[in-house]
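# got a predicted model here, sequence first, then my questions.
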Amino acid sequence: MGWRVKIRHVTGFEYDGTASASYNEVRMTPLDDGRQNTLERRLIVRPATPIWTYVDHWGTLVSVFDLPKAHTSLTIESVSRVETAASRPRGKPLSWGELRTVDGPVAEMLRPTAQSSISPELAATVREHAEGHDPHETAEAIAWSVNDRVAYTPGATGVLTSAQEVWDQAVGVCQDMSHLTVALMRAAGIPARYVSGYLHPQREAEIGRRVVGQSHAWVEYWTGEWAALDPTNRTEVGEGHVVVARGRDYSDVPPLKGVYQGPPAENQEVTVEVTRLA
């Protein structure tokens, strides 16, 4: 039996003066897919302004809005209710030969990006370790090896840190572990994509109790169908994971991206609250 989860994600800015205009893209809305069903989606912007929504190339729901009038603060509040389930049992994977011939959108998840790049030497080592193992075994071994190598260390990296830098420094957060896992899987010949969303921090969550949640990142890999692993927590994706966006790396999925004309933001505050409803 799955969970029903409520998520409230609020991002607020206070400007050191008056901003005259801004344009923003928001990726905070959970998706509907085979593992989760979104029952409620609400996005509230203050000051109030019209909001448009579209689905991007990677299948993520993107809300866009602009504020053409003067404002001294901006608040974006996303409220969602989502039914989740544990990951489905993994089926028999495709062979390595079949994976080498994938095309279309899946093949895009084999190509390195700036944040999912590693050295040729490290890539060769990954391929060597994959010999004699099937793609499922290889994917899991890669994810858990990242968990073993990288110490969870907030503040040690930035949004532009590459997978190779994470490997070399052996420190990072969920974003970094996911970038490194994606890079190593792609080097092994397994299509892999970066996933962002939310994670309930308690595996045995008390129903009705609101707690401080967190934005989170993990990985999905393709061996005939998509399967998900969370290298940061060394686990398969479960009822506490809520998918919001998927892409090649973080640059495809930021919760908020925009530009504005005005003074620097004097204060930014982000809060995430999650409640298990059932």
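Now that the structure is in, tell me what you want to look at. Keep in mind it's a predicted model, so treat the numbers as computed, not measured.
# low-confidence regions, this protein specifically.
Confidence mapping of the chain against pLDDT under 70 gives the ranges 1.
# give me the contacts around the helix or strand encompassing residue 229.
When secondary structure is defined by DSSP states H and E, residue 229 falls within strand 226-230. For strand 226-230, contacts defined as Cβ atoms under 8 Å, 6 or more residues apart in numbering pick out 87, 90, 136, 139-140, 143, 181, 193, 195, 199, 216, 218-221, 235-237, 241. To be clear about C-beta, it is placed using only N, CA and C from the backbone, and glycine gets the same treatment.
# give me the element the residue nearest to residue 31 when sequence neighbours are not counted is part of.
Distance criterion Cβ to Cβ, 6 or more residues apart in numbering; nearest residue to residue 31, sequence neighbours excluded, is residue 243 at 5.3 Å. According to DSSP H and E, residue 243 maps onto strand 241-247.
# please state the offset of the host helix or strand of residue 53 from the chain centre?
Under the criterion of DSSP H and E, residue 53 resides in strand 52-55. Centroid separation between strand 52-55 and its chain, computed with Cα atoms, centre = their mean, to the nearest Å, is 19 Å.
# output the contacting helices and strands for that strand.
strand 61-67 (3 or more Cβ pairs under 8 Å, 6 or more residues apart in numbering; DSSP states H and E).
# quick one: the strand it packs on to strand 241-247, angle?
70 degrees (axes from the mean of the first three to the mean of the last three Cα atoms, to 10 degrees).
# who does strand 61-67 touch, helix- and strand-wise?
Under the contact criterion of 3+ Cβ pairs under 8 Å, 6+ apart, strand 61-67 touches strand 21-26, strand 36-46, strand 52-55.
# right, so of those, which gets closest to residue 274?
For those, proximity to residue 274 was assessed by Cβ to Cβ; strand 36-46 is nearest, at 13.7 Å.
# since that was my last question, I'll sign off now.
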